[in-house]
Structures are given as structure tokens and as C-alpha cells.
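Visitor: let me see the structure of the following:
(one chain, ligands or ions: 1)
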Amino acid sequence: MKNVRIGVIGLGNMGSVHARNILENKVPGLQLTAVADIVAAKAALFPEIRFFPTFRKMIASGTVDAVVIATPHFPHTPIGIAALKAGLHVLVEKPISVHKLDAERLIASHTNPKQVFAVMFNQRTDPYYIAIREMVRGGALGPIRRINWIITNWFRSFAYYASGSWRATWQGEGGGVLLNQCPHNLDLFTWIFGRPQRVRAFCSYGRYHDIEVEDDVTAYMEYADGTTATFVTSTGEAPGTNRLEVTAENGRLVMENDRLIFTENEVPMSEYSRASKDGYTLPKTTEKVIPVSGHGGQHVAVLQNFAEAILEGKPLIAPAAEGLNSVELTNAMLLSAAKNRTIELPLDGARYKTWLRRKIAESKPKPVPVTASVVSDFSKSFNT
Ligand SMILES: NC(=O)c1ccc[n+]([C@@H]2O[C@H](COP(=O)([O-])OP(=O)(O)OC[C@H]3O[C@@H](n4cnc5c(N)ncnc54)[C@H](O)[C@@H]3O)[C@@H](O)[C@H]2O)c1
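Guide: Predicted coordinates:
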């Protein structure tokens, strides 16, 4: 295969960017041969490319070897399963699914290792997170004691929430900031630090916007080795912060304002504490600025990696199966806040699905002036 013939499903904000990137030859090895959207008018966005009114028609058409799924969240699961069953390579947008059982169902349908199945975790290409991961996993920091991530620079205005009726509803989106913005951060969190053992979260629903889902979250997590973590996020704060601080035996690593600084202890902190002859003096430290520049290739880099995985067998930046981690953590946070208690991981996926189903049935989405997109019936996602 010289070029992978690819189709983009869902031509909204993100899907049309993916389609344009491919069409403008920014991704060698990918050739855009089809697009699909349930809104017929979207055909006009890419008049030179064959348009399909349903993903099923595109999949059955023989015009594509691979698809990018960029629809609202619930359809990721049924579309992904149908595409994989048809023998296609699949790149699915985040989150891979709304809830853990759907994610497991989607991942289980990937049975042919020759088919490439990836997820669009573009932030994994950011050199800051790559450097932090290497320092954490490579042992430069020593044992980790505490992780604090304040990621409140996901500001979204009322107009954003009004731009699609699926947005910020239990029925259409399955959650709020945790389901839409934070799959990236919670993926990076588990990619760098691994999965915590238990989660306690507090969510505010519609704290800053006229929406029924969470737009503000504070979570506390514990790892099996005693490491503790906090994760704070919001779509209402301005100006927000993106500060990741890792406290470890060998010192403190801080990422903030496009700087990554390691303040290294001369002696690991617990060792120093045991050996110290006075009660107050801190260990000597050296400040090291970790050289990092730019934010990586992001979406185009993930598309490129997808093409190279298909054509050359290159390892994936983000295999779709790893998308389960952030879905599970998201679900655990939402359940913890709703039940007002700590949730142990692994999460009971069936329990979460029951809770979410009830949430969807009981919820009365606040009316928002819809300026684009449509509401689809995603309830089929629950027919498992
Ligand atoms: N990776 C990123 O940085 C990033 C950024 C933004 C959005 N996203 C993700 O991209 C996805 C889409 O988000 P968006 O902001 O583009 O939404 P959007 O509402 O702008 O676009 C969704 C599009 O999908 C179409 N659609 C809905 N159901 C469909 C179906 N069954 N078949 C075909 N088309 C269908 C809609 O008509 C619409 O055109 C979401 O999963 C979102 O989380 C990812």
C-alpha cells in the first residue's frame, strides 16, 4: 500500500481540522478519499471529496482503508466497532468511549493485530510531558511522594456550550470538563504516573455555566505505594493555570508557564531527614532548568504516526486500548462525587453504567440556544 485511503467521520470543529490537515498534504502517507456526517450540509465543506450521509455507507463503500472518528462521544463506540469489524484501521478521538463498559467493548472488538487502532491523544507528543515521563519513569526523581496538577486553563465561554446541543449534557456528552477536556490530562496522568488505587472527587455542576454537568472538579487520589495526588480542573476560571508539581525523594519537578524546573536535593529527602542533626535545616538543592522547547506535532504528529503504523509497522504513540485508563479515571471521579465516597479502582464498570443511565434518564438539560450541530439518539450505546 503506497497511501492509506482515509475517511473522516464527523465534520465538526475537530473532524474538519483533521480532514483539512490530510487534504493539505501535511500527513505523508494519508490520502483523504471520503468524509461523512449526519448533517448533509457538511458536504459543502469538502466539495472535492466523496461525502457519505452515514458512517455505515462510508465503511461499506470500499473507498477507505482507515477512518478517523470525530463525532460526539457516545457514537465513538458503535462506529469504532463497526469500522474494526469491517477490517479498517481506526483512529478514534478522545475519549475512546463515555464509560468503562463501552470502552472495554470497543477495545475487545479489535481482534486483528494487523489492523491499527489508535486514539487521538495529541498531547502525548508535547515535549514537556515526554520529558516529565522520562524523568519519572527513568528514576531521575526517585520515589514519588506527591503529585499536584492544577489544570484550570480549559476556559470555555457560554458560547462554546451553546455551539452544539450535545455539549455539556449527560445524554449527549456523558459528562462535562472530565469527559471533554480532561481525557488528555487524565491520559497523561496515567501515562506518566500509572493508575491510582483509589479516588475521591468533588464536582460542581454548572458552577460557571448554565449547564447540567460538571465544570469544576477537585480530586484526591492515592497510589498503592502511598503516593498521593490532587487534580484540579475547571472550564470557568480565567486566567487559568497549568501547573504540574511532582514532589519526589530526589527533589521537586515543576512544569508551569512553559518552563520545566527540577530543584534537586543533594541528599534524598527522607535520608536527609533521618540523618539531619537539627530539626529545621533543609537539604541543599540545585536548580536545573530542563531544556524543552515547543509543544510538539500534536494532531498532525498523531495522524502521521497512525499512517506510519499502518504502512511501516511503527509503534503507536497512543494505542486505543490505553484510552481505557482515562475513561475509568473519569468515571471514578464522577461516581465518587455523586456518591460522596471514595471509589476503589478498578472501577465496577456495570455499576457506573447503571448510574450514568439513571443520570441520563432523570436529567433535564437546561435549554441552550443551539447554534450548530444536532442532537443524536445515542441511547443505543447502552444496548449491550
Ligand atoms: N483531540 C483534540 O484536541 C480535540 C479537540 C476538540 C474535540 N475533540 C473531540 O472530537 C470529537 C468531536 O468534537 P467536536 O468539537 O468536533 O464536535 P462538533 O459538534 O463540532 O462536531 C461533531 C460532528 O459530528 C457530526 N456527527 C454527529 N453524530 C454523527 C454520526 N453518528 N455520524 C457522523 N457524523 C456525526 C455532527 O454533525 C458534527 O458535524 C469529540 O470526541 C471531541 O472530544 C478532540
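Visitor: tell me how far the helix ranked longest in the chain lies from the chain's centre.
Guide: Using DSSP state H to define each element, the chain has its longest helix at helix 323-339. The gap between where helix 323-339 is centred and where its chain is centred comes out at 12 Å by C-alpha atoms, centre = their mean, to the nearest Å.
Visitor: contact partners for the residue nearest to Leu334 when sequence neighbours are not counted?
Guide: Among residues not flanking Leu334 along the chain, Gly175 sits closest, at 5.9 Å (C-beta to C-beta, 6 or more residues apart in numbering). Quick note: C-beta positions are derived from backbone N, CA and C, even for glycine. If a contact means C-beta atoms under 8 Å, 6 or more residues apart in numbering, then Gly175 has 98, 213-214, 330, 334 as its contacts.
Visitor: so which of those residues comes closest to the ligand?
Guide: In terms of C-beta to the nearest ligand atom, no member of these lies closer to the ligand than Val98, at 9.8 Å.
Visitor: A strand includes the closest one, no?
Guide: No: applying DSSP: H, G, I helix; E, B strand; the rest coil, one finds Val98 to be coil, outside a strand.
Visitor: hmm, back to that, confirm the residue nearest to Leu334 sits in a strand?
Guide: No: according to three-state DSSP, Gly175 belongs to no strand; its state is coil.
Visitor: so how far is Tyr223 from it?
Guide: Separation of Gly175 from Tyr223 (C-beta to C-beta, to the nearest Å) stands at 24 Å.
Visitor: His73 too?
Guide: Separation of His73 from Tyr223 (C-beta to C-beta) stands at 28 Å.
Visitor: those two: which is more packed in?
Guide: Legend: neighbour count by other C-beta atoms under 10 Å for His73 and Tyr223, higher for His73 (25 against 16).
Visitor: now do the contacts for the more buried one.
Guide: Contacts of His73 (C-beta under 8 Å, 6+ apart): 95, 97-98, 173-174, 179-180.
Visitor: same question for Trp154.
Guide: Trp154 neighbours (C-beta under 8 Å, 6+ apart): 177, 181-182, 233-235, 240.
Visitor: ok, 7 Å please
Guide: Counting by C-beta atoms under 7 Å, 6 or more residues apart in numbering, Trp154 touches 177, 181, 233-235, 240.
Visitor: and those, which is closest to the ligand?
Guide: Lowest distance from the ligand to those (C-beta to the nearest ligand atom) belongs to Gln181, with 8.3 Å.
Visitor: my read: the closest one touches Ser234, true?
Guide: No: if you go by C-beta atoms under 7 Å, Gln181 and Ser234 don't touch, sitting 9.5 Å apart.
Visitor: now the terminal residues of stretch 91-103, how far apart.
Guide: Across its full length, stretch 91-103 reaches 14 Å between end residues, using C-alpha to C-alpha, to the nearest Å.
Visitor: other residues contacting that stretch?
Guide: When contacts are defined by C-beta under 7 Å, 6+ apart, stretch 91-103 is touched by residues 14, 68-70, 73-74, 76-77, 80, 106, 118-121, 174, 179, 183-184, 306, 320, 323-324, 326-328, 330-331, 347, 349-350, 352-353, 356, 381, 384.
Visitor: what about it and the ligand, touching?
Guide: Yes: judged by C-beta under 6 Å from any ligand atom, stretch 91-103 and the ligand are in contact via 93-94.
Visitor: how about the residues of the stretch 1-150 of the chain by the ligand?
Guide: Proximity of the stretch 1-150 of the chain to the ligand, by C-beta under 6 Å from any ligand atom, involves residues 9-15, 36-39, 42, 55, 70-73, 75, 93-94, 120, 122.
Visitor: and if you look at the stretch 151-300 of the chain?
Guide: For the stretch 151-300 of the chain, the contact set with the ligand under C-beta under 6 Å from any ligand atom comprises 164, 180.
Visitor: most proximal residue of the stretch 151-300 of the chain with respect to the ligand?
Guide: Proximity of the stretch 151-300 of the chain to the ligand (C-beta to the nearest ligand atom) peaks at Gly164, 3.9 Å away.
Visitor: same question, the chain
Guide: Gly12 (1.6 Å).
Visitor: what number of residues lie near that residue?
Guide: For Gly12, using other C-beta under 10 Å, the count is 18.
Visitor: torsion angles phi and psi at it?
Guide: Phi and psi for Gly12, reported as degrees, to the nearest 10, are phi -90, psi -150.
Visitor: and Gln31, by the same measure?
Guide: phi -120, psi 120.
Visitor: kindly provide the distance from the nearest residue to it once chain neighbours are set aside to Val64.
Guide: Nearest residue to Gln31, sequence neighbours excluded (C-beta to C-beta, 6+ apart): Asn3, at 4.3 Å. Taking C-beta to C-beta as the measure, Asn3 falls 12 Å from Val64.
Visitor: and Gln304, by the same measure?
Guide: 18 Å.
Visitor: how many residues are close by Thr263?
Guide: 13.
Visitor: which other residues reach the helix or strand where Arg56 lies?
Guide: Taking DSSP states H and E as the definition, Arg56 sits inside helix 55-60. Helix 55-60 is contacted by residues 7, 9, 34, 36, 52, 64, 79, 82-83, 86, 88 when judged by C-beta under 7 Å, 6+ apart.
Visitor: so how far is that helix off the chain centroid?
Guide: Taking C-alpha atoms, centre = their mean, one finds helix 55-60 lying 26 Å from the centre of the chain it belongs to.
Visitor: show the subsequent helix or strand relative to it.
Guide: strand 66-69.
Visitor: run me through the strand neighbours of that following strand, direction for each.
Guide: Partners of strand 66-69 in the sheet, by DSSP bridges, are strand 4-9 (parallel), strand 89-92 (parallel).
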